[in-house]
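Trainee: Attaching a predicted model along with its sequence, questions to come.
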Amino acid sequence: MTRLALNWWSQPLGLDLPTRNRRGSSIAVLALTCALASACTSDSIASDPLLCGFDGDASPGYQDVSLNGSVGAAQAPAGSTVLLEARVSAELARQDLCNTDVVWEVRTGGGTVAQAESNTGPVDPMALDYVATNTWTLGPTAGAQTVYLYVKDDPSINTLLTVTATGGFGTNLLLNPGFEASDVVVGGLPSSAGAWQGDLAARVASDQGIGQHAGAYMLKFTATGLVAGAGFFTSQQWQTVDLRGYATLIDQGKVRLDASAWVNRVAGDAETDTRFDLRVLAFPGTPAGFPTDYPPPAGQIRSATINSTAGSWQQLQLRFDALPVGTRYVAVEIYPYEDVVDDGTLPEFDGHYADDVSLVLTQLP
């Protein structure tokens, strides 16, 4: 292993002498550059060289090396993806090491990491720090999940990261399923998982004589787009759920999906629409691709429809007996449908509501 040391006294000001680090990058050794580099602080220029690549010997600067890992969230839904970061720090030199390989291994939970190894990055005089990054897709089981990481050139320098996975098989994987935590986002198709977004709608308390199915709020649908307009017939709300942590079991045909939603409406008059729909759509890829992935082929959709009774909460239910092979995320879609009159002005729906939406996975034998 080659150790690179850049000292402020290496060359006179303005003399550009190339050196090579262990990955072969050419590095200009300039007094001015070193003065600007975050690794060369005002109180360490004369004594602490810029270290690039773990050396592991007993020379000054490489003693008391530690590995500091961090994870993007202390808890996250089972099957979701979180960010991992690692810094290799040389305590005596008071700086992070560049060009150092970190190895990542999932120990518990059954998830996967995107890269088996990642590097803290090449020397960069303008870098604020050197960080090895990775992503961790959590496994399908709720509870503590762990990733073990170590410095490739010295496995004795290691640490363990833990995330508490929420949800999992047998639990509702939707966030804010009863619209209690926050309002919906009006903005068309969502590009991230875990929040309701879609056409013009809002959470409300009791409204027009209709009380909530449960809790303090329910969802009221208003228009068939971001604004009212004729020629459109549905007021859709979507939430995507990341299922990459379930990939192995899905591709083995061992994951069933059940979804449901409760709906209600006012009696209105002869022009009041009656229909509600619930759909679940299965996709490969990631939730970020939903705006362009939508809609999927018919074989990747399950739906339920009801002609509702005024003033009565009724449940829509559907099932994927086994999620299609290749499914990596799903979208839940709930909407009323203008099956009587296509209104063009607000409100397009007289008083149509949804509450307590659910999506539950079951592991099959």
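Mentor: That came in fine, so what should we check first?

Trainee: CA only for contacts and neighbour counts going forward, please
Mentor: Will do.

Trainee: For Thr33, report the pLDDT, please.
Mentor: As summarised for this prediction, Thr33 has a pLDDT of 35.

Trainee: Please disregard the earlier target; I meant Phe276.
Mentor: 98.

Trainee: Neighbours of it, how many?
Mentor: The number of residues packed around Phe276, counting by other C-alpha atoms under 10 Å, is 26.

Trainee: how about it, secondary structure?
Mentor: The local conformation at Phe276, judged by DSSP: H, G, I helix; E, B strand; the rest coil, is strand.

Trainee: Skipping its backbone neighbours, what lies nearest it in space?
Mentor: If you skip the residues right next to it in sequence, Phe276 has Pro336 as its closest partner in space, 4.2 Å away by C-alpha to C-alpha, 6 or more residues apart in numbering.

Trainee: Do I have it right that the one you found meets Arg265?
Mentor: No. Taking C-alpha atoms under 8 Å as the definition, Pro336 is not a contact partner of Arg265, at 9.6 Å.

Trainee: Looking only at neighbour counts, state which of those two leads.
Mentor: Set Pro336 next to Arg265 and count neighbours by other C-alpha under 10 Å: Pro336 wins out with 31 against 28.

Trainee: The more buried one - that's part of a strand, no?
Mentor: Yes. With three-state DSSP as the criterion, Pro336 is located in a strand.

Trainee: Let me see the contact set for it.
Mentor: Counting by C-alpha atoms under 8 Å, 6 or more residues apart in numbering, Pro336 makes contact with 221, 234-236, 274-277, 352.

Trainee: do Arg279 as well
Mentor: With contact taken as C-alpha under 8 Å, 6+ apart, Arg279 is in contact with 301-304, 318, 332-334.

Trainee: What helix or strand is it located in?
Mentor: strand 275-283 (DSSP states H and E).

Trainee: Quickly run through the sheet partners of that strand, with directions.
Mentor: The sheet places strand 275-283 alongside strand 301-307 (antiparallel), strand 329-337 (antiparallel), with pairing taken from DSSP bridges.

Trainee: tell me which of the contacts of Arg279 is nearest to Gly56?
Mentor: Each of the contacts of Arg279 was checked against Gly56 using C-alpha to C-alpha; the closest is Val332, at 52.1 Å.

Trainee: Okay, and the beta partners of the closest one?
Mentor: Taking DSSP bridges, one obtains Gln239, Val280 as the residues bridged to Val332.

Trainee: all helices of the stretch 101-250 of the chain, in order?
Mentor: Ranges of helices in the stretch 101-250 of the chain, per DSSP state H, counting those that start in this stretch, are 247-251.

Trainee: Flag the shaky bits of it, pLDDT-wise.
Mentor: Low-confidence regions of the stretch 101-250 of the chain, defined here as pLDDT under 70, do not occur.

Trainee: Roughly how far does Val184 sit from Asp64?
Mentor: The gap separating Val184 from Asp64 is 50 Å, by C-alpha to C-alpha, to the nearest Å.

Trainee: What of Ala288?
Mentor: To Asp64, Ala288 is 42 Å away according to C-alpha to C-alpha.

Trainee: Tell me the confidence at Asn296?
Mentor: No, residue 296 isn't Asn; it's Pro. The confidence metric pLDDT takes the value 95 at Pro296.

Trainee: Using the three-state scheme, assign Leu346.
Mentor: Taking three-state DSSP as the rule, one finds Leu346 in the coil state.

Trainee: give me the number of residues near it?
Mentor: Using other C-alpha under 10 Å, the number of residues around Leu346 comes to 13.

Trainee: Gln208 contacts Tyr353, correct?
Mentor: No. Gln208 sits out of contact with Tyr353 when judged by C-alpha under 8 Å, with a separation of 10.8 Å.

Trainee: in the protein, which residue is closest to the centre?
Mentor: Note on the chain: the residue nearest the mean C-alpha position is Thr81, at 5.0 Å, using C-alpha atoms, centre = their mean.

Trainee: Pop the domain breakdown of the chain in here.
Mentor: Following automatic domain parsing, one gets these domains for the chain: 65-166, 185-363.

Trainee: and the last one, how far from the chain's centre?
Mentor: If you compare the mean C-alpha spot of domain 185-363 with that of the full chain, they lie 21 Å apart, counting by C-alpha atoms, centre = their mean, to the nearest Å.

Trainee: do the same with the first one
Mentor: Averaging C-alpha positions (C-alpha atoms, centre = their mean) puts domain 65-166 17 Å from its chain's average.

Trainee: hey, what's in contact with both of Pro336 and Arg265?
Mentor: Common neighbours of Pro336 and Arg265, counting by C-alpha under 8 Å, 6+ apart, are 274, 352.

Trainee: Give the full set of residues in contact with the nearest residue to the residue nearest to the centre of the chain once chain neighbours are set aside.
Mentor: Here the nearest residue to Thr81 in space, its sequence neighbours aside, is Thr137; by C-alpha to C-alpha, 6+ apart that works out to 4.2 Å. Applying C-alpha under 8 Å, 6+ apart, one finds that Thr137 lies in contact with 79-82, 111-114, 244-245.

Trainee: Most neighbours among those residues, which one is it?
Mentor: Gly79 (30 neighbours).

Trainee: that's a strand at that one, yeah?
Mentor: No. Secondary structure assignment (three-state DSSP) places Gly79 in coil, not in a strand.

Trainee: just checking, it touches Thr248?
Mentor: No. In this structure, Gly79 sits apart from Thr248 without contact. The criterion is C-alpha under 8 Å, and the distance is 11.2 Å.
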